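Colleague: Got a predicted structure plus its sequence, pasted below:
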Amino acid sequence: MREKYGPFLTKFPVKIVVVVCFAILVSVMAYGVSTLENEFDFEWFLNEDDHVQDAIDVRDKYFDDEGSQVKIYTVDTDFSKESTQRALIELAENM
């Protein structure tokens, strides 16, 4: 195999053809990578009967087209109090 392909590949015109083919191949692959889209959604991995899926369905039903999603983290808050609920509603309205 060395005796057959080695001398052939070391000829100058063949080297040029190999480099040009390599450049074309790299260009096509670079273009392909630049057109890739990432469409990952963690919901694809949830079971349909999962309780998290129920919450996601409610979110999509009532809040799907409401704009940007915002998360608020609270510490040591009693959400059963009416005053806390009013304060959260007021906060949401002011956003």
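Modeller: Here it is on my side, so go on. Numbers count the residues shown, from 1 in each chain.
Colleague: what separates residue 14 from residue 8, distance-wise?
Modeller: Taking Cβ to Cβ, to the nearest Å as the measure, residue 14 and residue 8 are separated by 6 Å. (Glycine included, C-beta is placed from N, CA and C.)
Colleague: Pick out whichever of these two has more residues nearby.
Modeller: residue 14 (13 against 9; other Cβ atoms under 10 Å).
Colleague: Identify all contacting residues around whichever strand or helix holds that one.
Modeller: Residue 14 is part of helix 12-34 when elements are defined by DSSP states H and E. Under the contact criterion Cβ atoms under 8 Å, 6 or more residues apart in numbering, helix 12-34 has outside partners 8, 9.
Colleague: Which of the residues in it are classified as buried?
Modeller: Taking 16 or more other Cβ atoms under 10 Å as the basis for neighbour counts, none of the residues of helix 12-34 comes out buried.
Colleague: and that helix, what's its mean pLDDT?
Modeller: Within the predicted structure, the mean pLDDT of helix 12-34 is 97.
Colleague: The helix or strand following it: how far from the chain's middle?
Modeller: For helix 12-34, the following helix or strand on the C-terminal side (DSSP H and E) is helix 51-63. Computed by Cα atoms, centre = their mean, to the nearest Å, the separation of helix 51-63 from the middle of its chain amounts to 21 Å.
Colleague: Report the backbone C-alpha coordinates of helix 51-63 in CSV.
Modeller: The C-alpha atoms that make up helix 51-63 are tabulated as CSV, following Å, rounded to 0.1, in the frame of the first residue of the first chain:
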residue,chain,number,x,y,z
HIS,A,51,-47.3,16.7,38.6
VAL,A,52,-44.8,19.1,37.1
GLN,A,53,-46.4,18.6,33.7
ASP,A,54,-49.8,19.7,35.2
ALA,A,55,-48.2,22.9,36.4
ILE,A,56,-46.6,23.5,33.0
ASP,A,57,-50.0,23.0,31.3
VAL,A,58,-51.6,25.5,33.6
ARG,A,59,-48.8,28.0,32.9
ASP,A,60,-49.1,27.5,29.2
LYS,A,61,-52.9,27.9,29.3
TYR,A,62,-53.0,31.1,31.3
PHE,A,63,-49.7,32.8,30.8
